[in-house]
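Asks: model the structure of this input:
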Amino acid sequence: MATKIVRCPNCAAENTGLENYCRNCGSMLPVSYENQQMQSQPRSGQQIPGADKKVLAGVLGILLGGFGIHKFVLGYNNEGIIMIAVQVVGWFLCGIPSLVISVIGIIEGIMYLTKSDEEFVQTYIVGRKPWF
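Replies: Here you go, the predicted model:
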């Protein structure tokens, strides 16, 4: 049986017809007949691409949230730079901006950890939602 090739609608990368998510960008692939058959069967040990970043980003958000390290892990470089800048400038402004940006980092870390793997990937990897 020949393997069907499915092109990603987002990045045009070639994927096998048995995958649910693009190997290149993590987008959901169009559902083929083979893919529907695989979805009806329980998956054991199969991980969604991008879900491996969830725990790391969540823990870094809680521990070092004010420095925006979790943003860099997810590929949001501009947002990470903004968080570092607010943190450093906040040190000279009685610490209030630093406190606020640290609380934002903690909230984001908790949000990352409380989402399911599928929800996390769809929101932050595929959907590219940079804040909250």
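Asks: shaky segments in the protein?
Replies: 1-3, 31-46 (pLDDT under 70).
Asks: would you map the strands across it?
Replies: 5-7, 14-16 (DSSP state E).
Asks: so which elements touch the first one?
Replies: On a contact count with 3 or more Cβ pairs under 8 Å, 6 or more residues apart in numbering; DSSP states H and E, strand 5-7 meets strand 14-16. Bear in mind the C-beta positions are built from the backbone N, C-alpha and C, glycine included.
Asks: okay, now the domains of the protein?
Replies: 5-40, 52-126 (automatic domain parsing).
Asks: return the most buried member of these.
Replies: Ranked by mean neighbour count, the domains of the chain are led by domain 52-126 with a mean of 17 (mean count of other Cβ atoms under 10 Å).
Asks: any idea how far apart the tips of that one sit?
Replies: One end of domain 52-126 to the other measures 14 Å (Cα to Cα, to the nearest Å).
Asks: other residues contacting the helix ranked longest in the chain?
Replies: Of all the segments of type helix in the chain, defined by DSSP state H, the longest one is helix 96-114. With Cβ atoms under 8 Å, 6 or more residues apart in numbering as the test, helix 96-114 has contacts from 54-55, 57-68, 70, 83, 86-87, 89-91, 120, 124, 131-132.
Asks: just the residues you listed: which are in helices?
Replies: 54-55, 57-64, 70, 83, 86-87, 89-91, 120.
Asks: tabulate the strands of the chain (CSV), appending distance to residue 100.
Replies: As requested, those are exported to CSV (distance: least, Cβ to Cβ, whole Å):
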stretch, distance to residue 100
strand 5-7, 44
strand 14-16, 42
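Asks: ok, which of those strands comes nearest residue 116?
Replies: For residue 116, the closest of those is strand 14-16, at 22.4 Å, according to Cβ to Cβ.
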